[in-house]
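Peer 1: generate a structure from the sequence data that follows.
(2 chains)
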Amino acid sequence: MKISKRTFDAVIVGAGGAGLRAALQLSEAGLKTAVLTKVFPTRSHTVAAQGGVAASLGNSEEDHWHWHMYDTVKGSDWLGDQDAIEFMCRKANEVVIELEHYGMPFDRTDAGKIYQRPFGGHMSNFGEKPVRRSCAAADRTGHAMLHALYQRNVRANTQFFVEWLALDLIRDAEGDVLGVTALEMETGEIVAFQSKATIFATGGAGRIYHSSTNAFINTGDGLGMAARAGIPLEDMEFWQFHPTGVAGAGVLITEGVRGEGGILRNSSGERFMERYAPNAKDLASRDVVSRAMVTEINEGRGCGPNKDFVLLDITHLDPKVIMQRLPGIREISIQFAGTDPIKEPIPVVPTCHYQMGGIPTNYSGQVVAPRGASMSVAVPGFYAAGECACASVHGANRLGTNSLLDLLVFGKSAGETAVEDVRKSTKAHKELPQEAIDRTLARLARLDTQKEGADAHESRLAMQRTMQNHCGVFRFADKLKEGVSKILEVQQDVQRVAIKDKSKVFNTARIEALELDNLIEVAVATMISAEARKESRGAHVRDDAQDTPEHPNGRDDTNWLKHSLWFKEGNRLDYKSVKLTPLTVDTIELKKRAY
Amino acid sequence: MTTRTMQFKIYRYDPDKDDKPYMQDISVEVDATDRKLLDAMVKLKAKDDTLSFRRSCREGVCGSDAVNINGRNGLACLTDLKDLSGTVVLRPLPGLPVIRDLIVDMTQFFKQYHSIKPYLINNDPPPETERLQTPEEREELNGLYECILCACCSTACPSFWWNPDKYVGPAGLLQAYRFIADTRDQATSERLDNLEDPYRLFRCHSIMNCVDVCPKGLNPMRAIGKIKDALTRRAV
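Peer 2: You can find the predicted model right below:
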């Protein structure tokens, strides 16, 4: 069957922070660009980021990009690629200042500069003491950033395709990426978007877990599309559990609360982080704080009737500070925890928040995959940035505020690289292979015709519970093994999901079923990669890899200082080395991670 | 766990199969873990997958799930179930064309937003560092920049219902003032010219529905008043 085709220089999928930042490069360069987004741009999940964006501006005290780089490498538990990390930390000031020039309403210091607050894992002088590095707009930094980026795109006349869901990556026999197929939600029309550059900025997939800070839309669409087109997914076992999700609701409470002086307390009111991280205390890295909280709860020191949460206390802060710096948190707390944090502490639990892994890229934003003898060869025409990509700057654990930085730096560099590549290319667009289009049509036809089958809602729940119970904050060898067979069973169900809604017009049942196709790829990749990694590192901590003198914190650099690559075909795993050589400075040498 | 049955009356219309809209009676069991209206709507959708509505962040920052709840515009994710008794009537936001069920066509709303040039205009060459702004100057943007473009206000405004093509509406005007109030912006006079028109700004008759329904507690009417003041100051 033929479908209509539209041709562009570049197609960007996703209009969150990374997609919008990339779009600016392309629009301002005058390239014919289409930005496909399944929600209106300002509804993207970047909007929910709260605490800030990291940059060593040094507006309140001395800071240096090299210190930021050190913290990021240490935070990553040495799994991050040091070339990409140096690139990101050095670019931070430039991209944050650009954003200010775009109109971002940052809070200000008395001197009129961008306000900066301390954040977990960000220290001065190579790990000495917390430093003010997080550039913030109250506790609505993501909202302010996403709107500023969208507004700048309005000024640049970027062409948006709003409420279009990308369905499959179009890749030909030579492995070149030639665009995507997409569905217009309002009409149900399917269109092939042909392009010389395809940039994925589709965000995370936190909805594979039952308890998540993520929006409903975070369904890993880019990862699913990439995996189905034969691109491996990197380091998928590493998921960040944010220490402070509102107990029961999962809604995020920023680490900025602790940056402003908030304290975590157990049932006896003890500031327990002093025991786990004597130096950084409540501002230790997120994986460290989350494990400490779960340990407190497991050992019976949790709060509430079921002793299943701890308390985040800011009652000692001046209410004026709370109203000025944390107004959104107060709103969320009243709405979702039923407590006013000026008067009472907030009940919190670690909640799935961020995917460190993703589509493998280099620091120029090109997607890289094994080819011949090399493990990292650029896939022609394909770029990725933001949470869907793995550059890898976050390695085994991301520092707070490095995600907003990641999407700015790599959104921009992916955009720049795409502009260069499109300008260099002298050839016309390649012919689109029919089989890629047929694959999309077959998926849709199945949903249109299948009358009996698995329930989408139930299958999604089964996936989320399996991930939650078998692949959480602490991981167990036997649970992971069982998790692999369970998630593969759920995958069977997902393949025979049937929907009752057959309408062409804004069919959200169909959209959710197509999203579930993507989620399940991410869930399977996560479980299989996690089961295979027989060490503890960063956010991946297992019972059979404990802290020993030979393996500090259970980390095994001899065998596991390497990136995982999961391939959909045959659920095969492969590994590639970590880039330990930065661009200009010395390697940050491996050592035991402590805060 | 204790559950209760909630009754709903929901506006349904699928142009692919329905000749005209109708109200569907449907009920759902909710329990203590269901705090917000959106939780109940997600359960309703699990029961009847044809029910269509937008939703994303479920915490009141993305602006997707604005609907008309018992006659009043609001966000489903910020509406407490415990405050809803009897049959809950859900309709799409009033005044905009319906695409399907609770999903409205927001083209006109965004067109008005775009018409106010919602971006910083500063034609000086950008400095090496940030443009300075005192904390007091920055504070002028509070109550303005937080808008989530959910359209609760504009679609509660009779002036917008009557002239959606000519009247900017409260959401657009709030953003117009957000840039007028920004000390970094140099286009105040151009922005005021753009609004000095019997319809674009002056269709606001201070009905205050916008203030009443804003789920973020913002006050578009005050911003509109400040734009009118600026125009008056300019005239004398």
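Peer 1: could you point out the longest helix of the chain?
Peer 2: No chain in the question, so chain A it is. helix A:508-532 (DSSP state H).
Peer 1: the intended chain is chain B.
Peer 2: Assignment by DSSP H gives helix B:220-235 as the longest helix of chain B.
Peer 1: CA-only coordinates of that one in PDB, if you can.
Peer 2: The C-alpha trace of helix B:220-235 is given here as PDB (Å, rounded to 0.1, in the frame of the first residue of the first chain):
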ATOM      1  CA  PRO B 220      -5.000  37.600  34.000                       C
ATOM      2  CA  MET B 221      -7.300  40.500  34.800                       C
ATOM      3  CA  ARG B 222      -4.700  42.300  36.800                       C
ATOM      4  CA  ALA B 223      -2.300  41.900  33.900                       C
ATOM      5  CA  ILE B 224      -4.900  43.200  31.500                       C
ATOM      6  CA  GLY B 225      -5.400  46.200  33.800                       C
ATOM      7  CA  LYS B 226      -1.700  46.900  33.800                       C
ATOM      8  CA  ILE B 227      -1.600  46.900  30.000                       C
ATOM      9  CA  LYS B 228      -4.600  49.300  30.000                       C
ATOM     10  CA  ASP B 229      -2.700  51.500  32.500                       C
ATOM     11  CA  ALA B 230       0.400  51.500  30.300                       C
ATOM     12  CA  LEU B 231      -1.700  52.600  27.300                       C
ATOM     13  CA  THR B 232      -3.300  55.400  29.300                       C
ATOM     14  CA  ARG B 233       0.100  56.600  30.500                       C
ATOM     15  CA  ARG B 234       1.400  56.500  27.000                       C
ATOM     16  CA  ALA B 235      -1.600  58.600  25.800                       C
END
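Peer 1: give me the low-pLDDT residue ranges for chain B?
Peer 2: Residues of chain B meeting the criterion pLDDT under 70: B:1.
Peer 1: OK, contacts around the residue nearest the centre of chain B?
Peer 2: In chain B, the residue lying closest to the centroid (Cα atoms, centre = their mean) is B:A151, at 2.2 Å. Counting by Cβ atoms under 8 Å, 6 or more residues apart in numbering or on different chains, B:A151 touches B:G63, B:A66, B:L93, B:L96, B:M106, B:F109, B:A171. Any C-beta I mention is one placed from the backbone N, CA and C, and that applies to glycine too.
Peer 1: rerun that using 10 Å as the cut-off
Peer 2: B:A151 makes contacts with B:63, B:66, B:73, B:93, B:95-96, B:104, B:106, B:108-110, B:113, B:160, B:169-171, as judged by Cβ atoms under 10 Å, 6 or more residues apart in numbering or on different chains.
Peer 1: can you classify it as helix, strand or coil?
Peer 2: Three-state call for B:A151 (DSSP: H, G, I helix; E, B strand; the rest coil): coil.
Peer 1: okay, and the closest residue to it other than its chain neighbours sits in which element?
Peer 2: In space, B:A151 comes closest to B:F109 once its chain neighbours are excluded; the distance is 4.9 Å by Cβ to Cβ, 6 or more residues apart in numbering or on different chains. According to DSSP states H and E, B:F109 maps onto helix B:107-115.
Peer 1: what's that helix packed up against?
Peer 2: Applying 3 or more Cβ pairs under 10 Å, 6 or more residues apart in numbering or on different chains; DSSP states H and E, we find helix B:107-115 packed against helix A:141-155, helix B:158-162, helix B:169-180.
Peer 1: what residues sit buried inside the second one?
Peer 2: Okay, so that is helix B:158-162. For helix B:158-162, the neighbour count (16 or more other Cβ atoms under 10 Å in any protein chain shown) marks B:S159, B:F160 as buried.
Peer 1: domains for chain A, by residue range?
Peer 2: Per automatic domain parsing, the structural domains of chain A span A:4-238+A:356-432, A:239-354.
Peer 1: find the one among the ones you listed with the highest mean neighbour count.
Peer 2: The highest average neighbour count among those, using mean count of other Cβ atoms under 10 Å in any protein chain shown, belongs to domain A:4-238+A:356-432 at a mean of 24.
Peer 1: may I have the distance across that one, first residue to last?
Peer 2: With Cα to Cα, to the nearest Å as the measure, domain A:4-238+A:356-432 spans 12 Å from end to end.
Peer 1: how far is it from where the chain is centred?
Peer 2: From the chain centre to the centre of domain A:4-238+A:356-432 is a distance of 9 Å (Cα atoms, centre = their mean, to the nearest Å).
Peer 1: any idea how far chain A is from the residue nearest to the centre of chain B?
Peer 2: In this view, B:A151 and chain A are 10 Å apart by Cβ to the nearest Cβ, to the nearest Å.
Peer 1: ok, now B:D25?
Peer 2: Counting by Cβ to the nearest Cβ - B:D25 and chain A are separated by 18 Å.
Peer 1: what is the neighbour count of that residue?
Peer 2: B:D25 has 9 neighbouring residues, counting by other Cβ atoms under 10 Å in any protein chain shown.
Peer 1: who are the contact partners of it?
Peer 2: Going by Cβ under 10 Å, 6+ apart, the list of residues near B:D25 reads B:Q7, B:F8, B:K9, B:I10, B:T87.
Peer 1: just checking, A:G248 touches B:K36?
Peer 2: No - judged on Cβ atoms under 10 Å, A:G248 makes no contact with B:K36 at a distance of 11.7 Å.
Peer 1: using the three-state scheme, assign A:T426.
Peer 2: coil.
Peer 1: same check, this time on the one 10 residues further on
Peer 2: When the structure is split into helix, strand and coil by three-state DSSP, A:A436 lands in helix.
Peer 1: quick one: pLDDT of it?
Peer 2: Per-residue pLDDT puts A:A436 at 89.
Peer 1: secondary structure element for the closest residue to it other than its chain neighbours?
Peer 2: Among residues not flanking A:A436 along the chain, A:I170 sits closest, at 4.3 Å (Cβ to Cβ, 6+ apart). Taking DSSP H and E as the definition, A:I170 sits inside strand A:164-171.
Peer 1: partner strands of that strand, with direction?
Peer 2: Using DSSP bridges, the strands paired with strand A:164-171 in its sheet are strand A:177-184 (antiparallel).
Peer 1: the helix or strand that the partner strand is followed by and chain B, are they touching?
Peer 2: Tracing the chain past strand A:177-184, the next element assigned as helix or strand by DSSP H and E is strand A:190-200. No - on the criterion Cβ under 10 Å from any Cβ of the partner chain, strand A:190-200 is out of touch with chain B, staying 15.8 Å away.
Peer 1: with stretch A:353-368 instead?
Peer 2: No - Stretch A:353-368 stays clear of chain B (Cβ under 10 Å from any Cβ), getting no nearer than 13.3 Å.
Peer 1: make sure A:V321 is indeed in a helix.
Peer 2: Yes - looking at A:V321 with three-state DSSP, it is inside a helix.
Peer 1: thought it was touching A:T315?
Peer 2: No - A:V321 lies out of contact with A:T315 (Cβ under 10 Å); the separation is 12.0 Å.
Peer 1: does B:Y199 touch B:S159 like I think?
Peer 2: Yes - using Cβ under 10 Å, B:Y199 is in contact with B:S159, at 8.9 Å.
Peer 1: give me the common contacts of the two.
Peer 2: Both B:Y199 and B:S159 are contacted by B:K166, B:Y167, B:V168, under the criterion Cβ under 10 Å, 6+ apart.
Peer 1: which single one of the residues you listed is nearest to A:A10?
Peer 2: Among these, B:V168 lies closest to A:A10 (Cβ to Cβ), at 32.9 Å.
Peer 1: and that closest one, how far from A:E61?
Peer 2: Per Cβ to Cβ, to the nearest Å, B:V168 is found 44 Å from A:E61.
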